[in-house]
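A.B. asks: coords please:
(one chain, ligands or ions: 2)
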Amino acid sequence: MEDFVQANKLILLGKLTASLVHEIRNPLSAIKLNLDYMNMAKDDLPADIQEIVGESLDAFEQVNFLIEDILDFTRKPSAKTHEVDVEQVTDRCLKIISVSARMKGVTIEKHIVPELPKLSVNKNKMMQVFLNLINNAIEASQEKNKVIVRAFDEVEDRKQKLIWQVQDFGCGIKEDDKKKILSEFFTTKSKGHGIGLGVCKMLTEEMNSELIFDSTFGEGTTFSMKFTV
Ligand SMILES: Nc1ncnc2c1ncn2[C@@H]1O[C@H](COP(=O)(O)OP(=O)(O)OP(=O)(O)O)[C@@H](O)[C@H]1O
Ligand SMILES: [Mg+2]
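C.D. replies: Residues are numbered from 1 along each chain as shown. Ligands and ions are numbered 1, 2, ... in the order given. Model prediction:
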């Protein structure tokens with residue numbers, strides 16, 4: 001089972017880094033050039049060059065954050081649970097995934113109710129589920145479509161629930177496929193592996209949450225995770 005989760009991470013990581021590396025090259029070479037320049041004149045830096053150095057450092061920081069988020073994601077999840085802020089985890093996922101969204105021409109909107117209760121779950125598992133679901137939403141979308149990520153709370157059977165969901169306006173799921181998509185190795189994509197949702201199902205169960213979806217073929221799909229607070 002652990003191998004299955006790791007395999008999915010590698011697949012996701014492959015997808016994310018392919019676009020990330022593509023985008024990273026330009027800012028990195030700009031930083032390198034500016035830093036070399038600074039190095040040559042470091043004893044006598046005029047204000048404008050100091051500004052360039054500052055900008056380079058900011059750009060470098062940005063790249064660093066991205067790389068750190070990716071590295072954090074590659075770490076094996078332990079059984080450890082954390083007090084997790086759903087908005088924070090969502091933001092980290094959106095930062096990582098923004099590159100592939102931009103390359104596909106898809107915009108992501110975020111609607112998160114402020115001050116939601118913290119959840120006691122494993123952050124890494126939550127991140128892996130969010131990344132798989134957002135990634136599927138982007139893959140299902142057409143250029144110029146939007147994807148909406150939401151989080152809100154509601155009361156169900158007198159219990160407080162926190163709902164995290166991702167809605168797309170893409171291809172939707174055929175009625176016949178609806179019962180198959182959560183099983184392992186079912187895919188309708190030429191380059192798909194059919195393991196993302198299987199891993200999501202397993203990890204949501206491990207987090208004592210529920211994974212549900214609603215889809216209309218040709219209109220779009222919403223995947224929701226329901227946590228008991
Ligand atoms: N948001 C969505 N819109 C439409 N179809 C979807 C969506 N999410 C999942 N599916 C369907 O469910 C199938 C299984 O998804 P799953 O994430 O398990 O595998 P995959 O995306 O095909 O490959 P990978 O293992 O690389 O994620 C997809 O091939 C697709 O047919
Ligand atoms: Mg997938």
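
A.B. asks: Break this protein down into its domains, please.
C.D. replies: Residue ranges for the domains of the chain, per automatic domain parsing: 2-74, 82-228.

A.B. asks: Between those domains, which has the poorest mean confidence score?
C.D. replies: When these are ranked by mean pLDDT, domain 2-74 comes last with a mean of 75.

A.B. asks: Is there any residue in that domain that contacts ligand 1?
C.D. replies: Yes: using C-beta under 6 Å from any ligand atom, domain 2-74 comes into contact with ligand 1 via Ile11. C-beta: built from backbone N, CA, C; applies to glycine.

A.B. asks: Counting neighbours, what do you get for the closest residue to Ile173 other than its chain neighbours?
C.D. replies: In space, and not counting its chain neighbours, Ile173 is closest to Ser215: 4.1 Å by C-beta to C-beta, 6 or more residues apart in numbering. Counted with other C-beta atoms under 10 Å, the neighbours of Ser215 add up to 21.

A.B. asks: Tell me the spacing between Ser215 and Glu156.
C.D. replies: 21 Å (C-beta to C-beta, to the nearest Å).

A.B. asks: quick one: contacts for whichever residue of the chain sits closest to ligand 2?
C.D. replies: Closest contact between the chain and ligand 2, by C-beta to the ion, is at Gly196 (3.0 Å). Counting by C-beta atoms under 8 Å, 6 or more residues apart in numbering, Gly196 makes contact with Asn8, Ile11, Leu12, Asn132, Asn135, Asn136.

A.B. asks: Helices - which of these land there?
C.D. replies: Within the contacts of Gly196, residues falling in helices by DSSP state H are Asn8, Ile11, Leu12, Asn132, Asn135, Asn136.

A.B. asks: can you narrow these to ones near ligand 2?
C.D. replies: Counting by C-beta under 5 Å from the ion, Asn136 from the ones in helices among the contacts of Gly196 sit close to ligand 2.

A.B. asks: Of the ones in helices among the contacts of Gly196, just say which sits nearest to Lys226.
C.D. replies: In terms of C-beta to C-beta, no member of the ones in helices among the contacts of Gly196 lies closer to Lys226 than Asn132, at 16.6 Å.

A.B. asks: Surely the closest one touches Leu197?
C.D. replies: Yes: the criterion here is C-beta atoms under 8 Å, and Asn132 meets it with Leu197 at 7.1 Å.

A.B. asks: Now Ser183: closest residue in space, sequence neighbours ignored.
C.D. replies: Gly198 (6.7 Å).

A.B. asks: Please identify the helix or strand for the one you found.
C.D. replies: For Gly198, the host element (DSSP states H and E) is helix 196-206.

A.B. asks: Give me the buried positions along that helix.
C.D. replies: Buried residues in helix 196-206, counted by 16 or more other C-beta atoms under 10 Å: Gly196, Leu197, Gly198, Val199, Cys200, Lys201, Met202, Leu203, Thr204, Glu206.
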